[in-house]
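J.: Mind looking at a prediction? Sequence and model below.
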Amino acid sequence: MLRTKHVLSSTHKAIFQKPRLLSTFPSNSHHVLNIHIHDTRLREALLHMALRGLDTNFQDYNTVLNECLRKRAIREGQRVHAHMIKTHYLPCVYLRTRLIVFYVKCDSLRDARHVFDVMPERNVVSWTAMISAYSQRGYASQALSLFVQMLRSGTEPNEFTFATVLTSCIGSSGFVLGRQIHSHIIKLNYEAHVYVGSSLLDMYAKDGKIHEARGIFQCLPERDVVSCTAIISGYAQLGLDEEALELFRRLQREGMQSNYVTYTSVLTALSGLAALDHGKQVHNHLLRSEVPSYVVLQNSLIDMYSKCGNLTYARRIFDTLHERTVISWNAMLVGYSKHGEGREVLELFNLMIDENKVKPDSVTVLAVLSGCSHGGLEDKGMDIFYDMTSGKISVQPDSKHYGCVVDMLGRAGRVEAAFEFVKKMPFEPSAAIWGCLLGACSVHSNLDIGEFVGHQLLQIEPENAGNYVILSNLYASAGRWEDVRSLRNLMLKKAVTKEPGRSWIELDQVLHTFHASDCSHPRREEVSAKVQELSARFKEAGYVPDLSCVLHDVDEEQKEKILLSHSEKLALTFGLIATPESVPIRVIKNLRICVDCHNFAKYTSKIYGREVSLRDKNRFHRIVGGKCSCGDYW
């Protein structure tokens with residue numbers, strides 16, 4: 001191989017200075033070998049290179065470089081690179097690419113890019129190696145820019161280049177470029193390649209284009225675990241949990257082999273559905289299978305059990321973890337927070353601080369503040385917030401933390417204090433922060449502040465139906481029906497639609513879904529009759545329907561009829577008549593549970609001696625003996 005004169009970078013000049021190059025020494029050069037090299041093969045390879053000096057050839061360099069790569073030996077690899085430069089050796093494209101791969105594996109992206117930039121000749125492998133380095137480390141714009149340079153250079157991408165660069169097509173601008181890359185893939189006939197297809201469907205799914213992703217998946221001539229996992233994950237991440245679960249079942253019947261990433265995606269879907277029986281089944285399968293028990297999978301199990309209402313199982317898994325990442329702590333903290341277990345949240349947070357193995361992050365503190373908010377511990381929560389602002393907790397507070405404080409003060413009935421807090425914030429309030437305050441105004445019937453906040457939200461988020469509904473509720477509770485009608489007309493004018501409420505319950509691994517005033521369930525008539533029977537019986541025990549939950553200008557008899565058709569009551573009643581007496585009734589709702597349905601569930605628990613678990617979009621309510629874990633703290 002030819003040897004030529006190189007211009008040295010500052011990095012490589014430093015390599016020459018300390019330690020001195022092996023090739024500058026004759027046969028006694030083994031004396032300058034780094035004595036910290038304990039790997040025999042690497043030591044021998046370096047010694048052989050030093051002894052050969054100017055006679056070192058491609059095979060010698062390739063051998064020692066592969067040993068350095070195998071051991072991630074950055075200092076020794078730099079010696080090899082410096083040896084090439086000092087002896088004026090001109091490496092072929094293959095060796096230069098191996099140097100790029102070596103520096104990338106040793107987390108020295110700058111040196112990898114330097115090697116790439118000074119290459120007199122590059123092939124598709126060189127380009128792909130550098131693009132992959134940027135993609136894997138989250139430098140999406142650099143990866144995409146390099147891909148464009150590659151096309152301009154006349155180098156044609158292969159399937160590995162496309163599969164790699166598509167992972168960087170994130171965000172609106174990245175997705176636009178991703179569509180262009182898709183056209184190029186079709187032109188070069190790579191769309192049916194399993195690696196490229198998997199990356200394509202993953203790109204579309206992450207941008208919310210699940211139908212396009214499914215179309216690509218259906219057209220793949222062969223499917224591997226990566227492509228199957230990508231489409232299941234796409235459904236789960238978009239909240240299409242039933243679709244994700246159904247697809248997983250179908251692919252299993254077709255013989256799909258699952259890995260830990262597949263199961264993580266399935267557990268995400270089961271968390272959304274709160275399908276505890278399915279979750280237990282997957283967990284048992286994992287225990288019997290040979291799927292490696294990675295911490296990410298354990299974290300998903302903690303999250304699944306927490307969201308399915310079984311904190312005991314979640315904590316059991318957490319306590320047996322050999323390695324706890326910040327995500328592990330966060331999953332358990334969020335679980336306690338959603339269940340209103342404020343004191344357990346603080347206990348676990350203090351344990352995390354005392355262990356001092358994992359540092360809290362933004363999500364950690366958010367979970368703690370939320371736990372204090374739901375648990376009625378606003379004073380403790382404010383102490384933690386002030387610890388953040390003073391620097392005692394090394395997490396910079398952002399808008400979500402400020403929003404949590406507003407929610408905390410609002411839930412405690414301190415609406416005026418929450419409003420003053422918003423006005424003194426160091427930035428403009430976001431829609432989420434105004435939303436927390438509007439919710440507090442609705443709960444505590446503060447019309448003055450609520451009306452101001454509501455109109456702020458209508459300007460910021462004119463398409464958000466929730467803001468119209470809460471402000472409408474506030475007007476209705478004050479008997480201002482003309483304002484209610486005005487808001488509804490405004491919603492019609494802007495074509496804003498409210499998400500319909502639905503509740504579901506799992507029975508023998510089948511999900512039974514109920515909608516208000518919907519007759520689609522096969523046992524709907526039986527359930528409706530039972531709801532009326534329960535209402536009459538509960539009234540004898542002291543139950544009084546909370547008519548304020550009906551936001552229509554109708555008479556009281558009609559309001560009570562509307563209350564009895566709420567989806568939570570239908571699902572709860574179905575659980576009562578369809579499950580054994582010893583089994584807890586677990587109901588999930590996509591929206592916030594109303595006060596009257598909460599009271600109805602308490603009477604169900606008290607009179608029938610049943611444990612009732614209600615999960616809405618915000619939190620859990622575990623009711624035993626007529627008493628709820630939330631302590632009626634809304």
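T.: Here it is on my side, so go on.
J.: contacts and neighbour counts: CA atoms only from here.
T.: Fine.
J.: who touches the residue most central in space within the chain in this structure?
T.: The geometric centre of the chain, computed from its C-alpha atoms, lies nearest to residue 237 (Cα atoms, centre = their mean), at 7.5 Å. Applying Cα atoms under 8 Å, 6 or more residues apart in numbering to residue 237 gives the contacts 206, 268-269.
J.: Mind checking which of those residues land in helices?
T.: 206, 268-269 (DSSP state H).
J.: and these as a markdown table, adding distance to residue 89 and neighbour count?
T.: Below are the ones in helices among the contacts of residue 237 laid out as a markdown table (distance: Cα to Cα, whole Å; neighbours: other Cα atoms under 10 Å):
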| residue | distance to residue 89 | neighbour count |
| --- | --- | --- |
| 206 | 46 | 21 |
| 268 | 53 | 26 |
| 269 | 56 | 27 |
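J.: Let me have the residues you listed in TSV, extended by pLDDT and distance to residue 153.
T.: Formatted as TSV, the ones in helices among the contacts of residue 237 follow (pLDDT from 0 to 100; distance: Cα to Cα, whole Å):
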residue	pLDDT	distance to residue 153
206	89	30
268	94	43
269	94	44
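J.: Let me know the closest of those to residue 288.
T.: Of all the ones in helices among the contacts of residue 237, residue 268 has the smallest distance to residue 288: 20.3 Å, by Cα to Cα.
J.: measure the closest residue to the closest one other than its chain neighbours to residue 579 for me?
T.: Leaving aside its sequence neighbours, residue 268 sits nearest to residue 236 (Cα to Cα, 6 or more residues apart in numbering; 6.2 Å). Between residue 236 and residue 579 the computed distance is 28 Å (Cα to Cα, to the nearest Å).
J.: Between those two, point out the one with more neighbours.
T.: residue 236 (25 against 13; other Cα atoms under 10 Å).
J.: looking at it, the more buried one is touching residue 271, isn't it?
T.: No: under the contact definition of Cα atoms under 8 Å, residue 236 does not touch residue 271, with a separation of 9.6 Å.
J.: what residues are up against the nearest residue to residue 109 once chain neighbours are set aside?
T.: Once flanking residues are discounted, residue 109 sits nearest to residue 103: 6.4 Å by Cα to Cα, 6+ apart. Shown in contact with residue 103 (Cα under 8 Å, 6+ apart): 74, 109, 111-112.
J.: Repeat that for residue 42.
T.: Residue 42 neighbours (Cα under 8 Å, 6+ apart): 64, 67-68.
J.: and if we set it to 10 Å?
T.: Residues counted as contacts of residue 42 (Cα atoms under 10 Å, 6 or more residues apart in numbering) are 48, 63-68, 70-71, 73, 76.
J.: before we move on, back to that, show me the contacts of residue 103 that map onto helices.
T.: 74, 109, 111-112.
J.: where in the chain is pLDDT low?
T.: The model of the chain has pLDDT under 70 over residues 1-40, 43-45, 48, 51-53, 55, 517, 548-556, 634.
J.: what's the domain layout of it?
T.: According to the TED database, the chain comprises the domains 31-121, 516-628.
J.: Now residue 589. Nearest residue, chain neighbours left out?
T.: According to Cα to Cα, 6+ apart, the nearest residue to residue 589 is residue 503 (4.3 Å).
J.: secondary structure class for that neighbour?
T.: Assigned state for residue 503: strand (three-state reduction, DSSP: H, G, I helix; E, B strand; the rest coil).
J.: That one pairs with what?
T.: Residue 503 forms beta bridges with residue 514, residue 589, as assigned by DSSP bridges.
J.: so what's it up against?
T.: 512-516, 566-572, 587-591, 593, 614-616.
J.: And for residue 286?
T.: 260, 263, 280, 292-293, 297.
J.: And for residue 488?
T.: By Cα under 10 Å, 6+ apart, residue 488 lies in contact with 468-469, 472, 482, 494, 496.
J.: Can you list the residue ranges for strands in the protein?
T.: All strands of the chain, identified by DSSP state E, fall at 502-507, 510-515, 585-589, 612-615, 620-624, 627-628.
J.: Could I get these in CSV, plus columns for distance to residue 310?
T.: Shown next, in CSV, are those (distance: least, Cα to Cα, whole Å):
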stretch, distance to residue 310
strand 502-507, 15
strand 510-515, 18
strand 585-589, 11
strand 612-615, 10
strand 620-624, 10
strand 627-628, 16
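J.: Nearest to residue 387, out of the ones you listed?
T.: strand 620-624 (28.1 Å).
J.: That closest one: partners in the sheet, and parallel or antiparallel?
T.: Sheet pairing for strand 620-624, assigned by DSSP bridges, gives strand 612-615 (antiparallel), strand 627-628 (antiparallel).
J.: ok and it relative to strand 585-589, angle-wise?
T.: Computed by axes from the mean of the first three to the mean of the last three Cα atoms, to 10 degrees, the angle separating strand 620-624 from strand 585-589 equals 150 degrees.
J.: and strand 620-624, how far out from the chain's middle?
T.: 26 Å (Cα atoms, centre = their mean, to the nearest Å).
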